[in-house]
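structural data only, the sequence is not supplied:
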């Protein structure tokens with residue numbers, strides 16, 4: 001059994017298998033998940049687990065060179081947007097319309113569904129390298 005870090009086996013395995021520029025999506029409970037990317041469903045009930053907790057856990061294990069968020073997040077869910085930007089720190093963030101965001105999720109290796117009920121609480125993380 002792992003002692004630290006991500007304990008969820010499918011999520012840990014996906015991150016371990018990511019290559020440079022591969023994408024991992026972390027989404028709210030309502031984000032549509034297209035056919036293609038692996039679905040990692042962590043949702044238990046409304047708000048469990050929270051989006052930001054999952055983002056923090058993933059950032060502890062994944063080298064991230066960039067992120068993508070929907071433009072609508074800033075106006076519809078400003079507190080969530082500010083908290084996410086704070087967690088991402090110096091990671092460059094691309095802002096796109098939500099429809100473009102959803103289209104880009106088709107290219108992801110996996111999509112992680114959280115129990116988050118805050119609108120537009122979604123992020124695409126772009127894998128970097130550790131060297």
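Perfect, I can see it now. Note that the structure is a prediction, hence the values are computed from the model and not measured.

and the residue nearest the centre of the chain, bridged to which residues?
With distances taken as CA atoms, centre = their mean, residue 26 lies nearest the centre of the chain, 2.3 Å away. Note on residue 26: beta-bridge partners by DSSP bridges are residue 112, residue 123.

mind listing what it touches?
Residues in contact with residue 26 (CB atoms under 8 Å, 6 or more residues apart in numbering) are 51, 54, 55, 58, 111, 112, 114, 122, 123, 125. All C-beta atoms are positioned from the backbone trio N, CA, C, and that covers glycine.

most neighbours among the residues you listed, which one is it?
Using other CB atoms under 10 Å as the neighbour criterion, residue 112 leads the contacts of residue 26 with 30 neighbours.

I'd assumed residue 12 was in contact with that residue.
No: with contact defined as CB atoms under 8 Å, residue 112 does not count as touching residue 12 (11.5 Å).

overlap in contacts, those two.
What both residue 112 and residue 12 touch, as defined by CB under 8 Å, 6+ apart, is an empty set.

and the residue lying closest to residue 19 once chain neighbours are set aside, what pLDDT?
Spatial nearest neighbour of residue 19, excluding adjacent residues (CB to CB, 6 or more residues apart in numbering): residue 127 at 6.6 Å. Confidence at residue 127, expressed as pLDDT, is 98.

wait, residue 127 sits on residue 14?
No: using CB under 8 Å, residue 127 is not in contact with residue 14, being 10.3 Å away.

any chance you could map the helices in this structure?
Secondary structure of the chain (DSSP state H): helices located at 9-17, 51-59, 72-76, 78-88, 98-104.

how about a markdown table for the ones you listed, with distance to residue 131 and mean pLDDT added?
Listed next are these as a markdown table, based on distance: least, CB to CB, whole Å; pLDDT from 0 to 100:
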| stretch | distance to residue 131 | mean pLDDT |
| --- | --- | --- |
| helix 9-17 | 16 | 97 |
| helix 51-59 | 18 | 98 |
| helix 72-76 | 32 | 98 |
| helix 78-88 | 21 | 98 |
| helix 98-104 | 26 | 98 |
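
quick one: which of those helices is nearest residue 41?
Nearest of the helices of the chain to residue 41, taken as CB to CB: helix 9-17 at 9.1 Å.
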